[in-house]
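Participant: coords below, sequence missing:
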């Protein structure tokens, strides 16, 4: 038997864990192993020692899973780029692994037993050329830069893996040639492309962004360098969903998969079943995606209130939905704005921090109410949290749609909703981030 290096273990790999790991055990200690698959026997090099567990990379596969494939990217693998967790697994296996993680988090954190199927997010049918399955989908990539050389961070490290191409980046983004140029003075370069309009944007990061030497890129782009002049606004890209153009400025939030925004907008409408005249809340509304589709559905006798804390996103949302008089976008932390909301069935807006509408805008009925018929929330990875869940549970009337990119915080918050009388009606999961461990979920809750 070959003697192993001191930091190399021979392990039998068990179930998948949240975060792109599989679980193994060594002398009673849990080992979280990357670059492995359930059922494999591997040699793994320890990368981190914590008090109660180890982290390790599988560096040699002794018994391979039938789901194992050759990673398509030359920069993927132990000690290399940390962006993709599952390039060594087939796409059906990746979706099964993500489904298992969602099921486990629901069971452990919310006490909910549910069979989950992770759905493929189709590439837009009108795309000129569709990349190979699982690749070419990421329309926004944040590259790291060291001494002018572009790369991506290694896993749990500030070290940079230099690259000349990212296989999960959208073809329109790769046309810029960001990775093949030098960027003296930069610490980061973000490339953004709109799959629906072809708009391109580059956002520079560095101690003094005005001193960064910008190379000549292979195609024309708009450039964000430093703070804009007062009132000038940021360069933006335009995204199209349901026939409506959405302006998204700078590094503002938007779904990175070309098919995800339309798919999620349709799924939220299907989940909430908005009716003409409904009052709807869109929390963490960003550039106004869900507020826009709900505003069209509730009609002129309805009301949609979007809430967002980021000032640029609020400006984008108000511009994007300027043709919908039944939509109001309020600026401020969700927990503060929601606490102050007072919906007027005789007014066209809400009384809330940062509100832009007054009491003369004209809305149905005649009474003041403290309830929304339907609520959608799409919080950041940290989730909504107990305080916001408390407020939504009291405020929502008929249905809640919770969009989440993190199964752990989603499950935690679903547990909070359960304590307050809300039940998980349906849960859909979408493979909006192929090759990575991330998964997008939509939970629909009803009272009872």
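Facilitator: That came through, no problem. This is a predicted model, so every value here is computed, not measured.

Participant: Count the neighbours of residue 142 for me.
Facilitator: As a burial measure, residue 142 scores 15 neighbours (other C-beta atoms under 10 Å). From N, CA and C alone the C-beta is placed, and that goes for glycine too.

Participant: How about the one 4 residues further on?
Facilitator: Summarising burial for residue 146: neighbours were counted as other C-beta under 10 Å, giving 14.

Participant: How about it: what's its closest non-neighbour residue?
Facilitator: residue 160 (4.8 Å; C-beta to C-beta, 6 or more residues apart in numbering).

Participant: quick one: that neighbour and residue 154 touch, right?
Facilitator: Yes: between residue 160 and residue 154 there is a contact under C-beta atoms under 8 Å: 7.3 Å.

Participant: Can you give me the domain assignment for the protein?
Facilitator: Following automatic domain parsing, one gets these domains for the chain: 8-68, 140-235, 259-447.

Participant: Looking at stretch 187-202 now, give me its mean pLDDT.
Facilitator: The average pLDDT for stretch 187-202 rounds to 96.

Participant: wait, stretch 297-311
Facilitator: 96.

Participant: What residues sit buried inside that stretch?
Facilitator: Across stretch 297-311, burial judged by 16 or more other C-beta atoms under 10 Å covers 297, 298, 302, 303, 304, 305, 306, 307, 308, 309, 310.

Participant: Partner strands of whatever helix or strand the fifth one lives in and their direction?
Facilitator: Residue 304 is located in strand 303-308, with elements delineated by DSSP states H and E. Paired neighbours of strand 303-308 in the sheet (DSSP bridges): strand 279-283 (parallel), strand 327-331 (parallel).

Participant: contacts for that strand?
Facilitator: Contact with strand 303-308 is made by 278-286, 288, 290-291, 294-295, 298, 314, 317, 321, 324, 326-332, 334, 337-338, 341, 343, 348-350, 352, 363, 372, as judged by C-beta atoms under 8 Å, 6 or more residues apart in numbering.

Participant: returning to what we had before: now the domains of the chain in TSV, with distance to residue 76?
Facilitator: TSV is the format used below for the domains of the chain (distance: least, C-beta to C-beta, whole Å):
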stretch	distance to residue 76
domain 8-68	9
domain 140-235	9
domain 259-447	8
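
Participant: What is the nearest of the buried residues of stretch 297-311 to residue 36?
Facilitator: residue 310 (38.5 Å; C-beta to C-beta).

Participant: For the chain, just list every one of the helices.
Facilitator: Along the chain, the stretches classed as helices by DSSP state H are 91-105, 171-174, 260-272, 289-298, 311-320, 334-340, 386-395, 407-419.

Participant: wait, residue 130 sits on residue 123?
Facilitator: Yes: Residue 130 is in contact with residue 123 according to C-beta under 8 Å; the separation is 4.7 Å.

Participant: In the stretch 1-150 of the chain, where is pLDDT below threshold?
Facilitator: 1-4 (pLDDT under 70).

Participant: Which stretch among the helices of the chain is buried most, on average?
Facilitator: Stretch with highest mean neighbour count among the helices of the chain: helix 289-298 (a mean of 25; mean count of other C-beta atoms under 10 Å).

Participant: I'd like the distance between residue 297 and residue 445.
Facilitator: Using C-beta to C-beta, to the nearest Å, residue 297 is found at 19 Å from residue 445.

Participant: cool, and residue 240?
Facilitator: The value you get for residue 240 to residue 445, if C-beta to C-beta is used, is 30 Å.

Participant: One more: residue 302?
Facilitator: On the measure of C-beta to C-beta, residue 302 and residue 445 end up 21 Å apart.

Participant: what's the neighbour count on residue 255?
Facilitator: Using other C-beta under 10 Å, residue 255 has 26 neighbouring residues.

Participant: repeat for residue 237
Facilitator: Neighbours of residue 237 (other C-beta under 10 Å): 24.

Participant: How about residue 58?
Facilitator: Neighbour number of residue 58 under other C-beta under 10 Å is 24.

Participant: Contact partners for it?
Facilitator: 13, 33, 34, 35, 36, 40, 42, 43, 44, 78.

Participant: what pairs with the residue lying closest to residue 392 once chain neighbours are set aside across the strands?
Facilitator: Nearest residue to residue 392, sequence neighbours excluded (C-beta to C-beta, 6+ apart): residue 375, at 5.6 Å. Note on residue 375: beta-bridge partners residue 281, residue 400, judged by DSSP bridges.

Participant: give the contact list for residue 375.
Facilitator: 280, 281, 283, 392, 395, 396, 399, 400, 401.

Participant: Of these, grab the buried ones for ChimeraX.
Facilitator: Restricted to buried positions by 16+ other C-beta under 10 Å, the ChimeraX selection for the contacts of residue 375 reads:
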select :280,281,283,392,395,396,399,400,401
